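Chemist: sharing a model that was predicted from the sequence below.
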Amino acid sequence: MAQIRPDEVSSIIREQLAGIQTSAQLEEVGTVLQVGDGIARIHGLTNVKSGELIEFSNGTNAIVLNLEEDNVGAVLLGSSSEIKEGDTVKRTNRIASINVGDGMLGRVVDTLGTPIDGKGDISGDTYEMPLERKAPGVIFREPVTEPLQTGIKAIDAMIPIGRGQRELIIGDRQTGKTAVAIDTIINQKEFYDKGEPVYCIYVACGQKASTVKQVVKSLEEKEQWLIRLLLLQVLPTLHRCSSTRQWPVLQLENISAIQVALH
């Protein structure tokens, strides 16, 4: 029979007691009024802030967007199948943010920056930045002096696109909007070869997991250099809202692919 050492027992007890909090903590808790289409309406969170993360009883997170007189609207960052009317929701007192850094190059992450590509955690130094922040003014931005070639002669000849400017691709479904964006990313290979890569961000809104996986696979098969920065945010709510219009608001993956980030 193993001997019991009093010093080991006392050290274990100290470790257990070290994490005990004797003071009372107050948490602001709300109640779900209704949930559907990726949106939840909650009553009781009177002091919640716009853009704040809230947590449901099952662990699902959401971002508060609408602040109304008697309820708040939040976009779910997960499945709504396990959330029902009457569930409790609590504040986290944290504005929705994401940890970014060079370790995100070549990774696939969700809305909150959690890797979903099965390659482990994000490595290297990261910096916490809010998801929503005020864009810098025009005076503080660098002037647009270089063109961004898409590799499609018809577009490059008729529509000058500046490197760093915003460009909208709009059209009906299944007309090749995403293909144009992907071709633009592929066409930036010459800058990668020169040692001056253009960091491209692909944001998928409302896309099925199979579609996202197919895009990743096609980029990986095309050229390994393409996987410089592949940021996939899955927001089903935005997709559902845009799908009800005759002219669908261009899904953000196309906008972000054309509006490449400069380094």
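Modeler: In hand now; what should we look at?

Chemist: contacts and neighbour counts: CA atoms only from here.
Modeler: Noted.

Chemist: tell me, how many residues neighbour residue 100?
Modeler: Counted by other C-alpha atoms under 10 Å, the residues lying close to residue 100 total 16.

Chemist: report the beta-bridge partners for it.
Modeler: In this structure, residue 100 has beta-bridge partners residue 127, where bridges are defined by DSSP bridges.

Chemist: which residues sit against the host helix or strand of residue 98?
Modeler: Residue 98 is part of strand 97-100 when elements are defined by DSSP states H and E. Outside strand 97-100, the residues within contact range by C-alpha atoms under 8 Å, 6 or more residues apart in numbering are 112, 113, 126, 127, 128, 129, 130, 131, 132.

Chemist: by neighbour count, which of those residues wins?
Modeler: The most neighbours, when the contacts of strand 97-100 are compared by other C-alpha under 10 Å, belong to residue 113, which has 18 neighbours.

Chemist: let me see the contact set for that one.
Modeler: Each residue near residue 113 by C-alpha under 8 Å, 6+ apart is listed here: 98, 99, 100.

Chemist: same thing but 7 Å
Modeler: Going by C-alpha atoms under 7 Å, 6 or more residues apart in numbering, residue 113 touches 98, 99.

Chemist: quick one, strands of the chain?
Modeler: Taking DSSP state E as the criterion, the chain carries its strands at 29-36, 39-43, 52-56, 61-67, 72-76, 88-95, 97-100, 127-130.

Chemist: could the ones you listed go into TSV alongside distance to residue 141 and mean pLDDT?
Modeler: Conversion of the strands of the chain to TSV gives the following (distance: least, C-alpha to C-alpha, whole Å; pLDDT from 0 to 100):
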stretch	distance to residue 141	mean pLDDT
strand 29-36	40	92
strand 39-43	35	93
strand 52-56	28	93
strand 61-67	28	92
strand 72-76	31	93
strand 88-95	26	91
strand 97-100	21	87
strand 127-130	19	87
